[in-house]
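Asks: need the 3D shape of this:
(one chain, ligands or ions: 1)
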Amino acid sequence: MRAQSVGTVRRILCVFPRYTPSFGTFEHAYPLTDGVQAFMPPQGLLLIAAYMPEGWPVRFIDENIRPATDEDFEWAEAVFVSGMHIQRQQMNDICRRAHAFDLPVAIGGPSVSACPDYYPSFDYLHVGELGDATDELIARLARDSTRPQQQVVLKTVDRLDMTSFPLPAYELAELKRYFLGSIQYSSGCPYQCEFCDIPGLYGRNPRLKAPQQITAELDKLLECGIRGSVYFVDDNFIGNRKAALDLLPHLVEWQKKTGYVLRFSCEATLNIAKRPEILAGMREAFFCTIFCGIETPDPVALKAMHKDHNMMVPIMEGIRTINSYGMEVVSGIILGLDTDKPETEAHLLEFIEASQIPLLTINLLQALPKTPLWDRLVKEDRLVEDEGRESNVVFRQPYDQVVDTWRRCMGTAYEPARLLQRYEYQIRKTYPKQLKRPPSSQQASWPNIRLGLVILRNLFWKVGVLGDYKLEFWKFALRRLARGEIEHFIASMLVAHHLIMFARAASHGRQNASNYSTRLREASVPAE
Ligand code: SF4
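Replies: Numbering: from 1, shown residues only. As a prediction, the model looks like this:
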């Protein structure tokens, strides 16, 4: 559904801020594609765009693709912004530019919902999810599109049921410019890991869309030009296991109908390994990757961070079980925990070797507002506000030692030979278990073939000829070509190249040690 029509018409400019380049946004892969410029279409802002009253013109700009121009601001009567903590500086910058045109600016999304005081310059703060605060914001703008005298804070008390959410306005976004498609089925997570802000922001009882909404969204994503992979951005895909089971047959049907043209991936807790019926359904629906927040292989540390559910199955057994359904595991890892010891680095590298997980997002612990970790560290006087640091946590071990450990782990884990060997393992052991898709005209369409050829040309030239890990690249490439594993070669090499380049910069101190870090790098300059 949309917001009720309110008589007046307002032109709304939705601006999504640039990301600070990070390990998980794959910037180094973009030049190898045919024009990808951004990571995933932002669900929140496209949802708000779709919710605007009938007849309100909406323009959507993702500043990862192009900056909002003077003409955009001159066109608009109000500006909406949304984003995460890591985009804080960029969001404040958009506000400043919009104010130069005397426009009222509203901010919503996870960052302002957790930390309204990060955004003193905005005219409207939309705190919480889509609901009565959104209706109030629309009503106020309809009455008066000038900037209010002082900041107005609107808090959602009555959330709109997710089954009433409109289809996100994918038609406003240039979907071909995104590395991955995104979709959301549920919101919230029943667990309470100490460092995580999801339960505090979105609740412990997951809210859900209807399966029919998801298949309609997938239809729309395809119509609007998405290709390749779609990521379920749900906080935990099995937060409500029955709901996941309800959805999967619909996804299978949709894949059969459309010729298995998309791969799916999602985030889920590692105890998904105890649910063979869910894993089997996911395999049938062509899920190929699951991101699991393994965080650490140390059981003592898992207990301390209240992530005991990771130990419901021995970690290595859980990974192998997921692999046996043809799905690669991507893992989150945290360094800088109170339980870390001098031997943590060696244990982590052993774990990476044994698990054969190619992609692990290794972050330094960062305390987010609205988390039990934040509250504990405040009590212990162990939070620091210093933008020059890699983390706002006063670690138990000396700061330099923790950062050096992180740099060494990144450098070692992503040495080209080691990383490509882990992909070799996945190609031999995991990917053969994937569903054999029936051949379809959609998969063999000319745009798909053309895209593959463009990526191959770029890989061979930019990595194989101009790159600086040619030997490892060609060893890997020739083995794939000899075995006809072109699709696996393209998919793994795109990601591997990003990981190698990012880790190299990180190990030399040129990248953030946390996806959540507020440490700002030169690459995060405003988009003007
Ligand atoms: S399981 Fe994941 S989403 Fe849920 S609270 Fe823990 S870290 Fe957050």
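
Asks: CA atoms for contacts and neighbours, from now on please.
Replies: Will do.

Asks: please identify the helix or strand for Glu390.
Replies: Assignment of secondary structure by DSSP states H and E places Glu390 within no helix or strand.

Asks: next: Gly388.
Replies: Secondary-structure element containing Gly388, defined by DSSP H and E: none, the residue being outside all helices and strands.

Asks: going forward, the N-terminal residue is numbered 21.
Replies: All set: I'll call the first residue 21, so the last point we hit is now Gly408.

Asks: let me see the confidence value for it.
Replies: Turning to Gly408, the model gives it a pLDDT of 80.

Asks: can you check Asn532 too?
Replies: You'll see Asn532 listed with a pLDDT of 64.

Asks: now swap in Arg457 and tell me
Replies: Each residue has a pLDDT score; the one for Arg457 is 89.

Asks: and it, helix, strand or coil?
Replies: coil (DSSP: H, G, I helix; E, B strand; the rest coil).

Asks: neighbours around it, how many?
Replies: The number of residues packed around Arg457, counting by other Cα atoms under 10 Å, is 14.

Asks: do Pro459 as well
Replies: By other Cα under 10 Å, 11 other residues sit near Pro459.

Asks: which non-adjacent residue is nearest it?
Replies: Residue nearest to Pro459 in three dimensions, not counting chain neighbours: Gly279, with 7.5 Å by Cα to Cα, 6 or more residues apart in numbering.

Asks: look up how far the ligand lies from that neighbour.
Replies: Distance from Gly279 to the ligand, counting by Cα to the nearest ligand atom, to the nearest Å: 32 Å.

Asks: and what of Trp394?
Replies: In this structure, Trp394 and the ligand are 14 Å apart, going by Cα to the nearest ligand atom.

Asks: quick one: the helix or strand bottoming out on mean pLDDT in the chain to chain centroid distance?
Replies: The helix or strand with the lowest mean pLDDT-type score in the chain, counting by mean pLDDT, DSSP states H and E, is helix 218-222 (a mean of 89). Between the mean C-alpha location of helix 218-222 and the chain-wide mean there is a distance of 16 Å, by Cα atoms, centre = their mean, to the nearest Å.

Asks: contact partners for Ala236?
Replies: Leu187 (Cα atoms under 8 Å, 6 or more residues apart in numbering).

Asks: rewinding a little: distance of the residue nearest to Pro459 relative to Lys456?
Replies: With distances taken as Cα to Cα, to the nearest Å, Gly279 is found 12 Å from Lys456.

Asks: out of those two, which sits in the busier spot?
Replies: Set Gly279 next to Lys456 and count neighbours by other Cα under 10 Å: Gly279 wins out with 17 against 10.

Asks: near Glu400, how many other residues are there?
Replies: Taking other Cα under 10 Å as the neighbour definition, Glu400 ends up with a count of 10.

Asks: for it, grab phi and psi.
Replies: phi -90, psi 0 (degrees, to the nearest 10).

Asks: quick one: contacts for it?
Replies: With contacts defined as Cα under 8 Å, 6+ apart, Glu400 has no neighbours.

Asks: tell me the pLDDT at it?
Replies: 96.

Asks: what about it, distance to Trp394?
Replies: 10 Å.

Asks: try Arg503
Replies: Relative to Trp394, and taking Cα to Cα, Arg503 is found at 51 Å.

Asks: quick one: which of these two has more around it?
Replies: Legend: neighbour count by other Cα under 10 Å for Arg503 and Trp394, higher for Trp394 (22 against 8).

Asks: so that one sits right up against Gln386, yeah?
Replies: No: Trp394 sits out of contact with Gln386 when judged by Cα atoms under 8 Å, with a separation of 9.0 Å.

Asks: any common contacting residues for the two?
Replies: Common contacts of Trp394 and Gln386 (Cα under 8 Å, 6+ apart): Phe215.

Asks: thinking again about what came up before, strands paired with the helix or strand just after the least confident helix or strand of the chain, and their directions?
Replies: Proceeding C-terminally, helix 218-222 gives way to strand 227-228 as the next helix or strand, assigned by DSSP H and E. Strand 227-228 sits in its sheet next to strand 206-207 (antiparallel), going by DSSP bridges.

Asks: contacts for the helix ranked longest in the chain, please.
Replies: If each helix of the chain is counted by residues according to DSSP state H, the longest one is helix 506-527. Outside helix 506-527, the residues that touch it by Cα under 8 Å, 6+ apart are 42-43, 46-49, 52, 379, 426-428, 430-431, 434-436, 439-440, 443, 447, 472, 475-476, 479, 497, 500, 531-533.

Asks: for the ligand, see how far away Val125 is.
Replies: Distance check for Val125 against the ligand: by Cα to the nearest ligand atom, it reads 30 Å.

Asks: does the ligand have contacts with the least confident helix or strand of the chain?
Replies: Yes: part of helix 218-222 sits close enough to the ligand to count as contact by Cα under 6 Å from any ligand atom, namely Ile218, Pro219.

Asks: C-alpha coordinates for that helix, CSV please?
Replies: Backbone C-alpha positions of helix 218-222 (Å, rounded to 0.1, in the frame of the first residue of the first chain) are rendered in CSV as follows:
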residue,chain,number,x,y,z
ILE,A,218,19.4,-5.8,15.2
PRO,A,219,17.3,-7.0,18.1
GLY,A,220,17.3,-3.5,19.7
LEU,A,221,16.3,-1.8,16.4
TYR,A,222,14.0,-4.4,14.8
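
Asks: tell me which other helices or strands it touches.
Replies: Counting by 3 or more Cα pairs under 8 Å, 6 or more residues apart in numbering; DSSP states H and E, the packing neighbours recorded for helix 218-222 are helix 130-134.

Asks: what's the neighbour count on Pro77?
Replies: The tally of other residues near Pro77 (other Cα under 10 Å) stands at 14.

Asks: what's the spacing between Glu297 and the ligand?
Replies: Taking Cα to the nearest ligand atom as the criterion, Glu297 is separated from the ligand by 20 Å.

Asks: tell me the SS of that residue?
Replies: Following three-state DSSP, the label given to Glu297 is helix.

Asks: contacting residues around it?
Replies: Leu265.

Asks: for the one 3 residues further on, same thing?
Replies: Each residue near Ala300 by Cα under 8 Å, 6+ apart is listed here: Tyr345.

Asks: try 10 Å
Replies: Ala300 makes contact with Leu268, Phe306, Phe307, Ile342, Ser344, Tyr345, Gly346 under the criterion Cα atoms under 10 Å, 6 or more residues apart in numbering.

Asks: and Asp164, by the same measure?
Replies: If you count contacts by Cα under 10 Å, 6+ apart, then Asp164 has Thr28, Arg30, Pro124, Ile158 around it.

Asks: show the end-to-end separation of stretch 309-324, please.
Replies: 28 Å.

Asks: what average pLDDT does that stretch get?
Replies: In this model, stretch 309-324 has an average pLDDT of 94.

Asks: same thing with stretch 343-358?
Replies: When pLDDT is averaged along stretch 343-358, the result is 97.

Asks: now that stretch, how far from the centre of its chain.
Replies: Distance, stretch centre to chain centre, for stretch 343-358: 15 Å (Cα atoms, centre = their mean).

Asks: with just CA atoms, put that stretch into CSV.
Replies: Output of stretch 343-358 as CSV, limited to C-alpha atoms (Å, rounded to 0.1, in the frame of the first residue of the first chain):
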residue,chain,number,x,y,z
ASN,A,343,28.6,-27.2,1.8
SER,A,344,27.0,-30.6,1.3
TYR,A,345,23.9,-28.8,0.0
GLY,A,346,26.0,-27.0,-2.6
MET,A,347,26.2,-23.7,-0.6
GLU,A,348,29.4,-21.8,0.1
VAL,A,349,29.7,-20.4,3.6
VAL,A,350,30.8,-16.8,3.9
SER,A,351,31.9,-15.9,7.5
GLY,A,352,32.0,-12.9,9.7
ILE,A,353,35.0,-12.9,12.1
ILE,A,354,35.7,-10.4,14.9
LEU,A,355,39.1,-9.6,16.4
GLY,A,356,39.7,-7.5,19.5
LEU,A,357,37.4,-9.5,21.7
ASP,A,358,38.0,-9.5,25.5
